[in-house]
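Student: quick one, fold the following:
(chains A and B)
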2 protein chains.
Amino acid sequence: MQLNLFSEIRQDLKQVEAELFRYVDASNPLLAETSAHLLRAGGKRLRPAFALLAGKFYNYSLSRLMPLAVALELIHMATLVHDDVIDAAATRRGIPTVRAKWGDRVSLHTGDYLFAQSLLLIARYEDPRIAQVLAEVSVQMCQGELQQIATAYDVNQSTRDYFYRIKRKTALLIAASCQLGAVATGAPAHVVRSLDFYGYYLGMAFQITDDILDITADQKELGKPIGGDLRQGVITLPVIYALKHSPCNGRLKELVKKREKTEDEVQEAIEIVKASGGIEYAFRVSNRYLAKAKEQLRKLPEIKTRDTLECIADFIAMRRF
Amino acid sequence: MQLNLFSEIRQDLKQVEAELFRYVDASNPLLAETSAHLLRAGGKRLRPAFALLAGKFYNYSLSRLMPLAVALELIHMATLVHDDVIDAAATRRGIPTVRAKWGDRVSLHTGDYLFAQSLLLIARYEDPRIAQVLAEVSVQMCQGELQQIATAYDVNQSTRDYFYRIKRKTALLIAASCQLGAVATGAPAHVVRSLDFYGYYLGMAFQITDDILDITADQKELGKPIGGDLRQGVITLPVIYALKHSPCNGRLKELVKKREKTEDEVQEAIEIVKASGGIEYAFRVSNRYLAKAKEQLRKLPEIKTRDTLECIADFIAMRRF
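Tutor: Next up is the predicted model:
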C-alpha cells in the first residue's frame, strides 16, 4: 500500500508506529525481542490506517484513536505469528519468522501475549461496542482458520466456502477497523454503519487480490514464494473457478489434492489456473466488491478522506504486492 | 478437589457446567467437537467455583456471576490446550489431548477460539474492572509461560524465578476468580481486596502442591505420569531446594540439565530430590501461603462461605491428586 494514500494521516501513523514499539517493550526480554522482531519486519499497518481515516469523519482525535489503532495491529500481528506456527513458515515479508528464529513454543506464546496486550488497550474504552465487536471478530477469525484446516486439499469446496473463509480471515477485522475508528470518535450510527460496510467489502476485495497475487505475482515483489496457498492446500477463488471450468480440471484436481507437491507440479497447477480464466474471474469478483465499497462511501460526508478511501479502493484493484 | 467442599454452590456449578457445554457448541463442527472433548475431559472447575463462592459475600446472583464463571473456565481451558501443544502432551487427566487427537494446528486455533469466546462473555459486564483485570492477568500468564521456556533446564534459577512463574501460571487467575466474583456482585472494595489476596495466596499454595505431586504422587491417582516437570526441564520448588542442599547436587544438576532423560534417570533425580528434604521444604512454603490466605479470610464477613474457603485451604494442604 503506497503511503501517499495516507498523506493526511502520515504523521499520526508515525506516532502509532512509535507507540507500537513502546507498547511491546515487555518486561520479559524474550517477549520484547520477539515482538520487536515482528514489528521491524514491517507491514502496511493497514488496520491502524483505516481506523484513523475512519476517525476523520467525525470528531477526529489521535489520543482517542491511539489505543484502538495499536490494538488492531497487535491483533493482526498475533494472528500472523500463530499462522506461521501453523504453516511452519520460515519467512514472512522476506524476513525469518518468529517461529523459524525462536521455535513454535515461543511463537505460540508471543501470539497469545500480543493478543492479551491488545485487550489491555481495548479495556481503556468506555464504549462497550469496541470490546464487543473485537471479541466477536476474534471468535469469527478462529472459525475461519478452523474452516481453512477442515477444507484444506478439498477440491469439492464451493465459492461459498471460500467467501466464508476470507470474510473471517480478513474482511471482518478491516471492517472492524473502519467501524471502530468511527465509534471511538463518537460518530453517529449511519456513519459507523457505512464505514463498517466499506471496510467489509474492501477487505473481501483485498483478500481476493492477495490470493490472485499468490498465483500471478513476481516472487521478488511479493517477498515470498508464489504458489504458497496451493502448497498448503488452501484453495482460492481462481483455483475453485478452474476446478469447475478448466478443460484440464481432472489433472488440476489430482495436483491440488496432492499433499506433497514438487515445484513442477505447483507450476503446472498454476498454468492450468491461469489458462482457465480463473484469474480474470477473481478480478471481476474483486471489482464487484470494490464497487460496493465505493457505494457505501457516497453515504458519508463529503470530506477529503472520502476521496482517500475511494483511492484506496482503486489502488487495491491494481495492486501488485 | 472434593465436591462436598462446594455443597452450597453445587446446584449452581451444575448450571455453569451446562452453560459451558451450551456455549462451546459452535457453528463450526470441528470447534464444537474439540471444545466438547475438552469439557468432557473434566477438571475441577475450580475457577468458576471460586467466583461463585466469592459472590456469596455480597449480593449473590447466579445470573450476574454466570458469564464470569464460564469465561474463567474458558480462559483456563485455552491455556491448557496451548500448553498441550507446547508440551506435545498425549494425554491430560488420562484422556487424549486435543493435540494428540486433532493435531497442533487445530489445538492452537481451539485455544484461540476458547479465549475469544471468553471475551464475548466479559464484554457483557459494564464494570470495566472485569475486562481490565482479565486482560492484565492474560498478559501476565503469557509472560509466565515465556519465562518457563527461557528458564527450562536452567539449574541456576532461584526460588524467586520459581515464584515469578507460578504466580503468573496459576495464582493470578485464581486471585482474579475470587476478586471478580466479588466485583460482579457489587461487593465493597475491602471485600474485593481480601478475596483477591486470598485467591492469590491459595493459588500459590495450589501450584506448589501440584509441583510436589508431580514428584510424589501415585501415577494412577494423578492421571498422568509423574516426573513430567523434570522431563520437560521445568524446575520446581523441591528441585531448586535439592539443587542447593542435596549432598548429591552435582549429580542432580547433570540429570536435570539433560534434554533427553531415560526413565531411570528421571527416577534417580526424583530419589535425590526426595532424600534432600525438598518435598518437606516445599510443603512448609505452601503452608505459609495457606496461613496467609486464611488471614485474609478473617477480614471478611462471618458467613458460612468463609468456613468453606477455610476448608479449601486445609484441603489443599492435604491433597493427593
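
Student: now do the strands in chain A.
Tutor: Secondary structure of chain A, counting by DSSP state E: strands at A:91-92, A:95-96.

Student: now the first one: average pLDDT?
Tutor: Averaged over strand A:91-92, pLDDT sits at 68.

Student: cool, and the last one?
Tutor: When pLDDT is averaged over strand A:95-96, the result is 74.

Student: just stretch A:48-67 next, same as before
Tutor: Here the average pLDDT along stretch A:48-67 is 97.

Student: and what of stretch A:258-266?
Tutor: Taken as a whole, stretch A:258-266 has a mean pLDDT of 94.

Student: contacts for it, please.
Tutor: Stretch A:258-266 is contacted by residues A:153, A:227, A:230-231, A:233, A:255, A:269 when judged by C-beta atoms under 8 Å, 6 or more residues apart in numbering or on different chains. Heads up, the C-betas are built off the backbone N, CA and C, glycines and all.

Student: go through those residues and flag which are in helices.
Tutor: Counting by DSSP state H, the contacts of stretch A:258-266 place A:230-231, A:255, A:269 in helices.

Student: from these, which two are the most distant?
Tutor: A:R231 and A:L255 (11.0 Å; C-beta to C-beta).

Student: any regions of chain A where pLDDT drops low?
Tutor: Flagging of chain A using pLDDT under 70 yields the residue ranges A:1-3, A:26-27, A:86-94, A:320-321.

Student: pick out the residue closest to the middle of it.
Tutor: A:T170 (4.3 Å; C-alpha atoms, centre = their mean).

Student: wait, A:I270 touches A:G228, no?
Tutor: No - at 11.3 Å, A:I270 does not count as touching A:G228 under the criterion of C-beta atoms under 8 Å.

Student: so the two - more neighbours on which side?
Tutor: The residue with more neighbours, out of A:I270 and A:G228, is A:I270; 21 against 15, by other C-beta atoms under 10 Å in any protein chain shown.

Student: residue contacts, that one?
Tutor: By C-beta under 8 Å, 6+ apart, the contact set of A:I270 is A:215, A:226-227, A:230.

Student: one more: A:R165?
Tutor: Neighbouring residues of A:R165 by C-beta under 8 Å, 6+ apart: A:144, A:147-148, A:151.

Student: near chain B too, which of these?
Tutor: Residues of those in contact with chain B (C-beta under 8 Å from any C-beta of the partner chain): A:Q147.

Student: which pair of the contacts of A:R165 spans the longest distance?
Tutor: A:G144 and A:T151 (10.6 Å).

Student: and the helices in the stretch 101-250 of chain A?
Tutor: Taking DSSP state H, counting those that start in this stretch as the criterion, the stretch 101-250 of chain A carries its helices at A:104-122, A:128-150, A:159-166, A:172-184, A:189-216, A:219-222, A:228-231, A:237-245, A:249-257.

Student: what about the closest residue to the residue nearest to the centre of chain A other than its chain neighbours, how many neighbours?
Tutor: Excluding the flanking residues, the one nearest A:T170 by C-beta to C-beta, 6 or more residues apart in numbering or on different chains is A:Q207, at 4.0 Å. A:Q207 sits with 23 neighbouring residues when counted by other C-beta under 10 Å.

Student: repeat for A:A189
Tutor: Neighbours of A:A189 under the rule other C-beta under 10 Å: 9.

Student: any idea how far it lies from B:A313?
Tutor: Distance of A:A189 to B:A313, given as C-beta to C-beta, to the nearest Å: 51 Å.

Student: thinking again about what came up before, out of A:R231 and A:L255, which sits in the busier spot?
Tutor: Set A:R231 next to A:L255 and count neighbours by other C-beta under 10 Å: A:L255 wins out with 22 against 19.

Student: if we can go back for a sec, out of the ones in helices among the contacts of stretch A:258-266, who's nearest A:A123?
Tutor: Nearest to A:A123 out of the ones in helices among the contacts of stretch A:258-266 is A:R231 (C-beta to C-beta; 39.7 Å).

Student: about what we covered before: including distance to B:F50, could the ones in helices among the contacts of stretch A:258-266 go into JSON lines?
Tutor: Converted to JSON lines, these look like this (distance: C-beta to C-beta, whole Å):
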{"residue": "A:L230", "distance to B:F50": "50"}
{"residue": "A:R231", "distance to B:F50": "47"}
{"residue": "A:L255", "distance to B:F50": "55"}
{"residue": "A:A269", "distance to B:F50": "55"}
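
Student: got TSV for those residues, with distance to chain B too?
Tutor: Shown next, in TSV, are these (distance: C-beta to the nearest C-beta, whole Å):
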residue	distance to chain B
A:L230	18
A:R231	15
A:L255	23
A:A269	23
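
Student: quick one, what contacts the residue nearest to A:A171 when sequence neighbours are not counted?
Tutor: Spatial nearest neighbour of A:A171, excluding adjacent residues (C-beta to C-beta, 6+ apart): A:G203 at 3.2 Å. Counting by C-beta under 8 Å, 6+ apart, A:G203 touches A:167, A:170-175.

Student: ok, now A:S276?
Tutor: Contacts of A:S276 (C-beta under 8 Å, 6+ apart): A:238, A:241-242, A:245-246, A:248-249.

Student: gap between it and B:F6?
Tutor: Taking C-beta to C-beta as the measure, A:S276 falls 63 Å from B:F6.

Student: before we move on, back to that, in TSV: the helices of the stretch 101-250 of chain A, plus distance to A:T308.
Tutor: Below are the helices of the stretch 101-250 of chain A laid out as TSV (distance: least, C-beta to C-beta, whole Å):
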stretch	distance to A:T308
helix A:104-122	25
helix A:128-150	23
helix A:159-166	24
helix A:172-184	12
helix A:189-216	12
helix A:219-222	24
helix A:228-231	30
helix A:237-245	27
helix A:249-257	39
